[in-house]
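Build the 3D model from these lines:
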Amino acid sequence: MNKFENWFLKRIIKREVQQGYTHDLKIMALYSMIRQACVEEFTEDNAPTMDAFLSELFERTQYRSTAK
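This next block holds a predicted model:
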């Protein structure tokens, strides 16, 4: 992804997640678009494999506290 594409995508995502009456539906739509793009790209994977793959990637993005 080049700088312009990255900038543009961030602006779209920022607008879609703004709080409102339907922000939850908009966020779900973003996740659906990512999943659909993966399904179209990785045609050899079945649904459980895709679920595991996307779940693992999502988990890697989650905040992990380093406080003890």
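
alpha carbons only for contacts and neighbour counts from here, please
Fine.

Tell me the confidence at the residue nearest the centre of the chain?
The chain has Y31 as the residue nearest its centroid, 4.7 Å off, counting by Cα atoms, centre = their mean. Listed pLDDT for Y31 reads 95.

helix/strand/coil for it?
Following DSSP: H, G, I helix; E, B strand; the rest coil, Y31 is assigned to helix.

which residues of the protein score low on pLDDT?
68 (pLDDT under 70).

list the contacts for V39?
By Cα atoms under 8 Å, 6 or more residues apart in numbering, the contact list for V39 reads D45, M50.

Could you say which helix or strand holds R35?
helix 23-41 (DSSP states H and E).

next helix or strand past that helix?
In the C-terminal direction, the helix or strand that comes right after helix 23-41 (DSSP H and E) is helix 47-60.

Tabulate the CA atom coordinates of that following helix in CSV.
Extracted in CSV, the C-alpha atoms of helix 47-60 (Å, rounded to 0.1, in the frame of the first residue of the first chain):
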residue,chain,number,x,y,z
ALA,A,47,-14.6,-21.4,6.4
PRO,A,48,-13.1,-22.9,9.7
THR,A,49,-9.6,-22.2,8.4
MET,A,50,-10.5,-18.7,7.4
ASP,A,51,-12.1,-18.1,10.8
ALA,A,52,-9.0,-19.4,12.6
PHE,A,53,-6.7,-17.3,10.4
LEU,A,54,-8.7,-14.0,10.8
SER,A,55,-9.1,-14.6,14.6
GLU,A,56,-5.4,-15.2,15.0
LEU,A,57,-4.6,-12.0,13.1
PHE,A,58,-7.2,-10.0,15.1
GLU,A,59,-5.8,-11.3,18.4
ARG,A,60,-2.3,-10.2,17.4
